[in-house]
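Enquirer: Output the structure for:
(2 chains)
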Amino acid sequence: MTYIRSTFRHPGLPKNELGYTTKEYEGAISTLCAGCGHDSISGCIIQACYELSIAPHRIAKLSGIGCSSKTPTYFLGNSHGFNSVHGRMPSVATGANMANRDLVYMGVSGDGDTASIGMGQFVHVIRRNLNMVYIVMNNGCYGLTKGQDSATADEGSKSKKGSANPFQPVDLAGLALELGATFVAQSFSGDKEQLIPLVKAAIEHPGFAFINVISPCVTFNNNPGSTKSYDYVRQHIEATATTDFVPEEKEITTSYKNGTGTDIRMHDGSYIRLEKLAANRDPYDRMAAIIALHNSRNRNEILTGLLYIQPQSTDLHHTIQTSNRPLNSLGQDELCPGSSVLEGVNGELR
Amino acid sequence: MKPTDDKNPEYFHKVVDCQYACPAHTPVPEYIRLIAAGKYTEAYMVNWESNVFPGILGRTCDRPCEPACRRGRIEEEPVAICRLKRVAADHKDDVKSLMPNAPFESNGKRIALIGGGPASLTVARDLAPLGYEIHLYDEQFAGGGMMRTQIPSFRLPIEVLDEEVNYILDMGIHVHFNQYVSSLEEILDKEYDAVFIGTGSPKGRDLIIPGRQEAAKNIHIGVDWLASVAFEHTHKIGKKVIVLGGGNTAMDCCRTSRRLGGEDVKVVVRSPFKEMKASPWEKEDAIHEDILILDNHVPKQFIVENGKLIGMTFEKVHAVINEKGKRALVPTGEPKVFIEADDVLVAIGLENTFTWIENETGVRFDEWGMPVVDATTFQSTNPHVFFGGDAAFGAKNVITAVAHGHQAAISIDLFCKEKDLSQRPSPFTNLVSQKMGIHEWSYDSDIVNDHRFIVPHAPKKTTLADRKIEVELGFDIQTAVKEAHRCLNCDVQTVFEKDRCIECDACVDICPTACITFTMNGEEDDLRARLKAPALNLTQDLYVSDTLPTKRVMVKDEDVCLHCGLCAERCPTSAWDMQQFLYKVTKAC
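Expert: Residues are numbered from 1 along each chain as shown, chains lettered A, B, ... in the order given. Okay, here's the model as predicted:
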């Protein structure tokens, strides 16, 4: 009987700029089902944070309830974390972010946690453009309660027992686009080559970055007839482009022919490189992204990759002009400036 | 790369590093598991079948398995394989009833074995149960060869030696002890169906430098001197002793000297300490017994005063890599060093001597005086005559002699049946899944972080007082079980079945040592550089699958795989499975 992962690691593991190997970004051994797509997404988060050389203590991971929301235990074991109430991760993320703008906020949610119980929270965090990464591990079913159809299950998709889902799905990426999200991507847990650069870009994006990741539930939703199975997704995937994330110090040498690629400059000087971009695709065009998403759905395809980005976005801190410094770095004088300041404030309101 | 052919038994055999490195290919993890389970008798028999002398080798083996041990690539020290073998021998119950017991039905063939060492005894053990009439010739009064004459009793108690030699002699072997064979012709005239020569490399090399003749009385050839001690002809040595040479014979000489009255014993060796041929643990044991090892000293002269040896002079050198890339010892130019000595033991190498083999026998020798022997069949240029052990290819060690003996026995058997000697029997292999449940395997798959446990020694004062008291005490059972748990069970193979794989990456994410990568195929060099952790150990193979539906291949670097089974536990479709691979070299018997 083993449920123990050896602490030995490959002695030749490469190190990042901080001198850390991926070991410093790992979490506890996963208790999810063997082969769960969520574990692959955890692996991508580990790899992305390692490659970006983010010090683990500069990251806060937040989640709600569900299989997906268990995963923060399985990645970034040296980071801050808050496993909150079902569907309420955005509130906690907002509070934490308002208190300390210097951390990277990694929110993880599932299709139930986001598209059902947490829908109200989800739409408002998009509206506010909170600077965070919001990953939905979307398996189209409630895996933790034995696989009932969730709100993202496609119409006609068959459950393990063979019954077809009679309802329209909530398209989370479409919804995010509609509500004005400034970074919207879609991916597949079985495609790490695409997902890792997307997670890196989402971390670097100075606003709300949403990634909807199709993540098959091997136990309850990996059957023939399901539209969220490994086989179905692999057969119906349609990438907008191949995505690469280029750190700022690397000089860009490639030039693209018209309509074959583009580099998206991020606020910190790094780039998202999109190759083999379809000729009519423009990652800055929200309308085009919505249309492309609808067209794909009509063709029974799953459009993946970076759908839309607004690189110079204005996040919540800028909008409401909060303190530039984290609250925990403010002294008593700044936090409690005294009765004369209070008088002044009250005076303005009279 | 082409997909790995895991149906070829040699692929998985190579993954079991210890077994692959062992000349006799003893199934090491198999017997270590038996020891952990308290099945000492069974563990002994696994060994006995493969290496014939578990008790002897458990104390004296050169341990080619240990530098190969995977554990040594993950942390500092390999599993104490050799000393675990001894645990099986120390704690076994009756094993004789499990061995083939004489009398055996005769097949009418007669075989002569010249020399009673490990190679000949192995041939005897393999052939006697098949009905061969075996005649063993040796000049000593008992069997064992150099195991008896060269390995001091404080490393190998005589009872252990006798026990394991007698298991074989009791198989109805016709022994001709105290009989020095001075002519191969005479043996051939007796019309044996085959003759096996396992006479070892019995001659110690001498050192001819000024003063050698004058000081002859106090200069001894190491191997001869050790034999003379073993046979109780020699009981003492001078207080100041110099031992020349850096091999295991030198270590046995210096440690024996300490027990026969040597107080100031120095080993003086030409090469740097690190390059000495002696096993590291033997050097440690010598140093522990207050023996000084002086490296980089080249002997120049024996100094005699008033007709008696008083010491030796040496020239100091240092190792330099010359233009040809070869290591050369260059004098440092410092003045010569004088070291006092009452006696000098020369242990600078072993030589073969085949003066007793006549030209007329048809056994040909090469330019270095070694017999021309086929490396696979061990047959000489006279088809009736076979060689093995040190006599075949020069001085090696006991375990190599045993491996030669097994192969020679197969050849002799084939030869007597008038079959083609080059058609070697294929190994016996078996591959069985170890799955017991979702998280359960029939082997201990959790990896312990324990460092290598130290074998306790008897107090130095006691052991130095009597050369027959064994120094190493062997592991007690509790420590043995802990040490056994350090074994990574490399014979439990990670077997990948491409058609079941859904490419969920679960194995990649869980593997603690980043062994598994799914990527586009390429040439081996290219692939090795592209893996999750670069595969820089070229002695370890890559396990490559056929192309998967996403056009990628699964590549597993075997180098630091812990065989922890997590890939198979996390695999939803059982594309990975942990399967125990048993590989046994087929014997004649």
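Enquirer: Every contact and neighbour count from this point should use C-alpha atoms.
Expert: Will do.
Enquirer: Residue 98: what's it in contact with?
Expert: You didn't pick a chain, so chain A it is. For A:Met98, the contacting residues are A:317, A:322, taking CA atoms under 8 Å, 6 or more residues apart in numbering or on different chains as the criterion.
Enquirer: um, chain B though
Expert: With contacts taken as CA under 8 Å, 6+ apart, B:Leu98 has the following neighbours: B:Met45.
Enquirer: Tell me the secondary structure at residue 328.
Expert: Reading this off chain A. On the three-state scheme (DSSP: H, G, I helix; E, B strand; the rest coil), A:Asn328 is labelled helix.
Enquirer: wait, chain B
Expert: Of the three states, B:Ala328 takes strand according to three-state DSSP.
Enquirer: For it, report the pLDDT, please.
Expert: According to the prediction, B:Ala328 has pLDDT 86.
Enquirer: which residues in the stretch 451-589 of chain B form strands?
Expert: Under the criterion DSSP state E, counting those that start in this stretch, strands of the stretch 451-589 of chain B are mapped to B:492-496, B:516-520, B:542-544, B:552-557, B:576-584.
Enquirer: mean confidence score for the fourth one?
Expert: Average pLDDT, strand B:552-557: 96.
Enquirer: Mind listing what's buried along it?
Expert: Taking 16 or more other CA atoms under 10 Å in any protein chain shown as the neighbour-count basis, strand B:552-557 is seen to contain the buried residues B:552-557.
Enquirer: For B:Glu569, list the residues it contacts.
Expert: Counting by CA under 8 Å, 6+ apart, the residues that B:Glu569 touches are A:34, B:438-439.
Enquirer: Out of those, which end up buried?
Expert: Looking at the contacts of B:Glu569 with 16+ other CA under 10 Å, the buried ones turn out to be A:Ala34.
Enquirer: quick one: which of the contacts of B:Glu569 is nearest to B:Asp390?
Expert: Of all the contacts of B:Glu569, B:Asp390 sits closest to B:His439, with 48.8 Å by CA to CA.
Enquirer: can you list the weak-confidence ranges in the chain?
Expert: I'll assume chain A. Along chain A, the model assigns pLDDT under 70 to residues A:1-2, A:248-261, A:275-280.
Enquirer: You answered for a different chain; I wanted chain B.
Expert: Residues of chain B meeting the criterion pLDDT under 70: B:589.
Enquirer: biggest helix in it, by residue count?
Expert: helix B:398-416 (DSSP state H).
Enquirer: Next secondary structure element downstream of it?
Expert: Once the chain leaves helix B:398-416, the next helix or strand it forms, by DSSP states H and E, is strand B:428-433.
Enquirer: what helices or strands is the longest helix seen in chain A leaning on?
Expert: Ranked by residue count under DSSP H, the longest helix found in chain A is helix A:37-51. For helix A:37-51, the packing partners by 3 or more CA pairs under 8 Å, 6 or more residues apart in numbering or on different chains; DSSP states H and E come out as helix A:192-204, helix B:506-510.
Enquirer: Could you give the separation of it from the chain centroid?
Expert: Centroid displacement of helix A:37-51 relative to its chain, using CA atoms, centre = their mean, to the nearest Å, is 11 Å.
Enquirer: Please apply the same query to stretch B:44-64.
Expert: Relative to the chain's own centre, stretch B:44-64 is displaced by 9 Å; criterion: CA atoms, centre = their mean.
Enquirer: so who does B:Ala128 touch?
Expert: Contact analysis of B:Ala128 by CA under 8 Å, 6+ apart lists B:104, B:134, B:171-173.
Enquirer: typo on my end, B:Ala514
Expert: By CA under 8 Å, 6+ apart, the contact list for B:Ala514 reads A:9-10, B:508, B:532-533.
Enquirer: didn't B:Ala458 look like it was pressed against B:Leu473?
Expert: Yes. With contact taken as CA atoms under 8 Å, B:Ala458 and B:Leu473 are classed as touching, separated by 6.3 Å.
Enquirer: Those two: which has the busier surroundings?
Expert: Neighbours per residue, other CA atoms under 10 Å in any protein chain shown: of B:Ala458 and B:Leu473, the larger number sits with B:Ala458, 14 against 10.
Enquirer: How about the backbone phi and psi for that one?
Expert: phi -70, psi 160 (degrees, to the nearest 10).
Enquirer: nearest spatial neighbour of it, skipping sequence neighbours?
Expert: The spatial neighbour of B:Ala458 that comes closest, neighbours along the chain excluded (CA to CA, 6 or more residues apart in numbering or on different chains), is B:Val471 at 5.3 Å.
Enquirer: Please tell me I have it right and that neighbour contacts B:Thr463.
Expert: Yes. Judged on CA under 8 Å, B:Val471 makes contact with B:Thr463 at a distance of 6.1 Å.
Enquirer: Common neighbours of those two, please.
Expert: With CA under 8 Å, 6+ apart, B:Val471 and B:Thr463 have common neighbours B:Phe154.
Enquirer: so where does the closest residue to chain B within the stretch 251-350 of chain A fall, helix or strand?
Expert: Closest to chain B within the stretch 251-350 of chain A is A:Thr304: 16.1 Å, counting by CA to the nearest CA. Assessed by DSSP H and E, A:Thr304 sits inside strand A:302-309.
Enquirer: can you check B:Ile35 too?
Expert: With DSSP H and E as criterion, B:Ile35 is part of helix B:28-36.
Enquirer: what residues are up against B:Val317?
Expert: By CA under 8 Å, 6+ apart, B:Val317 lies in contact with B:270, B:296-298, B:329-333.
Enquirer: Now with 6 Å, please.
Expert: B:Val317 is in contact with B:296, B:329-332, counting by CA atoms under 6 Å, 6 or more residues apart in numbering or on different chains.
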